[in-house]
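1. Generate coordinates for the sequence data below:
(2 chains)
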Amino acid sequence: MTTVIETCELGKNYGRVVALTGCTLDVPEGQLVALVGPNGAGKSTLLNLVVGLAAPTSGTVSVLDGVPAGSPPALDGIAFVAQDMPLYRQLSALDMIHLTRNLNQRFDDAFARRRLEDLAIPGRQKTGKLSGGQRAQLALTLALARRPRLLVLDEPTASLDPLARHDFMATVMTAMAEDGVSVLLSSHVLAELERVADHLILISHGRVHLNGAVEDLRDRHRLVTGPRDQPGDPEWRTIQQSTAGVQSHRLVEVANPGPPPSGWEARPVSLEELTMAYLREDARTARTSTLEAIR
Amino acid sequence: MSTTTLAGVPPQQVRPIPWRSLAWVIWRRQRTTTLTILGILGLLAIYLLVSGLQMRSAWNTVQACTPVHSSACQFAWENFRNAHSNPGIVSAVFIFAPLLIGAFAGAPLIGRDLETGTFRYAWTQGVGRLRWAVALLVPGAIAVGVLTGAFGALIAWHDHPLWEADVASRLQASEFPTTGIAIVGWSLAAFSLGVLAGYLWRRVLPALATAIGIGFGLALATSKLRFRYMAPLRTKSLDFVTGSQTVQQWWEKAGAVVSNRDLNTALQSAGIQQIDIGNGGNTTVTASPSNGVDPITYLLQHGYQQWTSYQPSSRYWRFQWIEFGWLTALAVLLLAATFLLIRRRDA
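-> Now for the predicted structure:
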C-alpha cells in the first residue's frame, strides 16, 4: 500500500516550547484521516510540517511515497486549506481562481468555475465580502481544482454553522469518492468525524496517543461495566475508569474481541468516547507528573 | 478526473511555474501599491516640471542681462539668488522621497502575507515560496530603482539652474542623495530594509517604521561621512571654486593649526573684536572691523593663514558611483538574507 504521510520520531520545538515530539506515523493513501486533540495539542504543528510550512527540529517527515515535505513534488501534490481560510480579501473569487491557476502546474479551471456557479458564489465579489461558508467553499474549491493527491485541512469547519459544515464535508467526501484524493483533516468537533473518518490520530501535549484505522480502534476497545471489587479480564488494559456505587465503568483495550468474563457487560465504543477517555487519561497523568515534579 | 491523471505526473518531473504566469500574479497583487506610488510621483513630477520651467525662464532672463556688471544685472542676479536660495518645504519632500518610496514598496511585499496569514495560501501552492519571493522581490527592486532613477533625473533637471547660479552645490546634503544614481541606491536600500523588516516583524506598519527609521539614520550618518569618500582638496584662497562643497576651515601659523581660543587671544591682545567661533570645525570670521582693523586682515598680516578643505564639484559623479555602489551592495545583502530566511526558516 502506498503512503501519503510517513513520519519518524518527528519533533518540533518553538524556542523552548515543545510543540510536537516523538511522532511516528504511517498514513495510507485514499483515506480520510482525522487528526484530533485539544487546542494547543500540536495539530497545526503537525499539519504545518506535512505541508512544508515548518521545518522539523528532529526526525523526518515525508509525503506522497517518500518525497520530502515542502519539496517541489510535495508542494505540487498537496493542497492545503489553512485555518480561517486565508484568501486575498481585495481580490474577487474569479481573481482567486486565476491566481491559483497561475501558481500551479495543474489546475482544473472548468471545475473551479462550475463549482463557483453551483455554490452561487458571485464571481466578481471581493472574497472579503463573502460569508464564512462561501469563503470556506471557495478555499476548498481552489484546493480541489489543483487536483491534489493529498488534501490537508486545518480546522476547516471550526467557524462554520451546521449547514455550511455539512455542505463543506459533503464536498470533501465527493472529492474523495470521485478523485480518490486522500484527506488529512484536523478538528476538535468529534461528532462530525464519527461517520466519515477512516483513520484516527489523537494528539495531546505534543504526543501521539492513538493512531490507527477507525475500524481497528473500535474493535480493540470496549466499554465494560461490572462489580467494583472484581479485577475483570487480566488481559484488559484500562484506559479510564470510574465507579458508581458498587459498579465499575471502564474503557479498556482488549486483546481479543471475545465475550467478557461473567458478571461483566461489554459494549462497543464510539469514536467520541474513545478519544475523550484517552484525553482525560492524558490530562490526569499530565497533572500527576506535574505534581510529582513539584514534590 | 480519475486518479490516473492525478498520478500522471511523476513526482520527479514537476516543472517549475513559468515566470510569465507569476508576472500576472504579482501585478494583480501589487497593482494598488504600484498605482498609488505612481500617482504620488506623478503629482510631484508635475510640480517639478512647472517649477523647473519657471525657474529656467527666470535664470535665462538673468543670464541674458547685459552689460553683466551693470547694477541692474547685479540686482536681477541677487534677486534670483534670494528667490531660490531657500528651497522651502517642498524640497524636504524630495529628500525623503527615495526612502519613502523604497520602504512603502518593500515593507508589504512579504510582510502583508505574513500579517494576514495569506502566506499559508501562497507558500503552499505548487510554485514554492522561493520562486514566489524571487518573482516579488526582483521586479519590485527593478521597478523601484527605475522609477526613482527617473525621478532623480527630473530633480537634477529642476535644480540645474541653482547649481549654475551657485545657489546650491550638487554635492550638498539636500541635493546629492536625491539626484544622479545615489537616489537609486537609497531607494533600493530602503526597499530591501522594508522587505527584511516585513519578514522579521511579520507586520507591515512596524516594518515600515523600522525601514524609514534605519534609512533616515543611515542618511544622516552618510551626510557626514560622504565627504570622506576621497581625501578633500585644500586651498588658501578665500573664495574657492564654484559649486564645491566646504568640508572644514581652520587657521594655521607657521605650519601648525591654531585653535579658536588662541586666535581669539591674539585678536583680543591686539584690541580687535574677537571672531565668531563657527559651528562644527568651521571657524568663520564674521565680525565687522572695530577700531578700524579688520580681524581677517590683521590675522593675514601677522602670519596667520586660513585653510579650507573642500570637495570639488567635478567629483560629483565619482561620489555618486561610490554611494550607489555601497548602497546597492547593502540592498543585495539584505535581499539575499531575506531569501535565505524564507528558504530555511519556518513560516
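2. List the contacts of the residue lying closest to residue A:107 once chain neighbours are set aside.
-> With Cβ to Cβ, 6 or more residues apart in numbering or on different chains as the measure, residue A:101 is the residue that lies nearest to residue A:107, at 4.1 Å, once sequence neighbours are left out. In short, each C-beta sits where N, CA and C put it, glycine included. Applying Cβ atoms under 8 Å, 6 or more residues apart in numbering or on different chains, we find residue A:101 in contact with A:107, A:109, A:112, A:145, B:21.
3. so which helix or strand takes in residue A:239?
-> strand A:237-244 (DSSP states H and E).
4. So which elements touch that strand?
-> With contacts defined as 3 or more Cβ pairs under 8 Å, 6 or more residues apart in numbering or on different chains; DSSP states H and E, strand A:237-244 has these neighbours: strand A:247-253, helix A:271-294.
5. Can you tell me which of the ones you listed is nearest to chain B?
-> helix A:271-294 (26.0 Å; Cβ to the nearest Cβ).
6. The closest one to strand A:237-244, inter-axis angle?
-> Computed by axes from the mean of the first three to the mean of the last three Cα atoms, to 10 degrees, the angle separating helix A:271-294 from strand A:237-244 equals 90 degrees.
7. Residue A:70 against residue A:52, yeah?
-> Yes. Using Cβ atoms under 8 Å, residue A:70 is in contact with residue A:52, at 2.4 Å.
8. Quick check: can you name the pairing partners of the strand holding residue A:239 and their directions?
-> Within its sheet, strand A:237-244 is paired with strand A:247-253 (antiparallel), according to DSSP bridges.
9. Identify each buried residue in the partner strand, please.
-> Of the residues in strand A:247-253, those buried under the neighbour-count criterion (16 or more other Cβ atoms under 10 Å in any protein chain shown) are A:248, A:250, A:251, A:252.
10. which one of the residues you listed sits closest to residue B:255?
-> Set against residue B:255, the nearest of the buried residues of strand A:247-253 by Cβ to Cβ is residue A:251 (99.4 Å).
11. tell me the contacts of that closest one?
-> Counting by Cβ under 8 Å, 6+ apart, residue A:251 makes contact with A:221, A:222, A:223, A:224, A:238, A:239, A:240, A:241, A:269, A:273, A:274, A:277.
12. okay if I get those residues as JSON lines plus distance to residue A:155 and neighbour count?
-> Putting the contacts of residue A:251 into JSON lines (distance: Cβ to Cβ, whole Å; neighbours: other Cβ atoms under 10 Å in any protein chain shown) gives the following:
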{"residue": "A:221", "distance to residue A:155": "26", "neighbour count": "24"}
{"residue": "A:222", "distance to residue A:155": "31", "neighbour count": "22"}
{"residue": "A:223", "distance to residue A:155": "28", "neighbour count": "18"}
{"residue": "A:224", "distance to residue A:155": "34", "neighbour count": "22"}
{"residue": "A:238", "distance to residue A:155": "31", "neighbour count": "15"}
{"residue": "A:239", "distance to residue A:155": "26", "neighbour count": "18"}
{"residue": "A:240", "distance to residue A:155": "26", "neighbour count": "18"}
{"residue": "A:241", "distance to residue A:155": "31", "neighbour count": "15"}
{"residue": "A:269", "distance to residue A:155": "24", "neighbour count": "20"}
{"residue": "A:273", "distance to residue A:155": "22", "neighbour count": "16"}
{"residue": "A:274", "distance to residue A:155": "20", "neighbour count": "25"}
{"residue": "A:277", "distance to residue A:155": "23", "neighbour count": "21"}
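13. Can you tell me which of those is nearest residue B:154?
-> Proximity of the contacts of residue A:251 to residue B:154 (Cβ to Cβ) peaks at residue A:274, which lies at 72.5 Å.
14. picking up where we left off before, roughly how far apart are the residue nearest to residue A:107 and residue A:259?
-> When Cβ to Cβ, to the nearest Å is the yardstick, residue A:101 and residue A:259 sit 59 Å from each other.
15. Also residue A:221?
-> Taking Cβ to Cβ as the measure, residue A:221 and residue A:259 are separated by 15 Å.
16. Same check on residue A:241?
-> In this structure, residue A:241 and residue A:259 are separated by 20 Å, where distance is defined by Cβ to Cβ.
17. What's the local residue count around residue 77?
-> Chain wasn't specified; assuming chain A. By other Cβ atoms under 10 Å in any protein chain shown, the residues close to residue A:77 number 24.
18. Chain B, not that one
-> Using other Cβ under 10 Å, the number of residues around residue B:77 comes to 16.
19. in what helix or strand does it lie?
-> Here residue B:77, judged by DSSP H and E, is contained in helix B:71-85.
20. could I get that helix in PDB with only the CA atoms?
-> Taking Å, rounded to 0.1, in the frame of the first residue of the first chain, the C-alpha atoms of helix B:71-85 are listed here in PDB:
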ATOM      1  CA  SER B  71      23.800  97.400 -11.300                       C
ATOM      2  CA  ALA B  72      20.500  96.300 -13.000                       C
ATOM      3  CA  CYS B  73      22.000  93.000 -13.900                       C
ATOM      4  CA  GLN B  74      23.600  92.600 -10.400                       C
ATOM      5  CA  PHE B  75      20.200  93.300  -8.900                       C
ATOM      6  CA  ALA B  76      18.500  90.700 -11.200                       C
ATOM      7  CA  TRP B  77      21.100  88.200 -10.200                       C
ATOM      8  CA  GLU B  78      20.800  88.900  -6.500                       C
ATOM      9  CA  ASN B  79      17.000  88.700  -6.900                       C
ATOM     10  CA  PHE B  80      17.200  85.200  -8.500                       C
ATOM     11  CA  ARG B  81      19.600  84.100  -5.700                       C
ATOM     12  CA  ASN B  82      17.300  85.400  -3.000                       C
ATOM     13  CA  ALA B  83      14.200  83.900  -4.500                       C
ATOM     14  CA  HIS B  84      15.700  80.400  -4.800                       C
ATOM     15  CA  SER B  85      18.200  80.200  -2.000                       C
END
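21. What separation do you get for whatever residue of the stretch 151-295 of chain A ends up closest to chain B and residue B:174?
-> Closest approach between the stretch 151-295 of chain A and chain B, counting by Cβ to the nearest Cβ: residue A:180, at 4.0 Å. Between residue A:180 and residue B:174 the distance, using Cβ to Cβ, works out to 68 Å.
22. One more: residue A:235?
-> Distance, residue A:235 to residue B:174, using Cβ to Cβ: 88 Å.
23. Show me which of these two is the more surrounded one.
-> residue B:174 (15 against 11).
24. middle-most residue in the chain, spatially?
-> Because you didn't say which chain, this covers chain A. residue A:35 (2.2 Å; Cα atoms, centre = their mean).
25. what are the phi and psi angles of that one?
-> Note on residue A:35: its backbone torsions stand at phi -110, psi 110 [degrees, to the nearest 10].
26. What's opposite it in the beta bridge?
-> According to DSSP bridges, the residues that bridge with residue A:35 are residue A:186, residue A:201.
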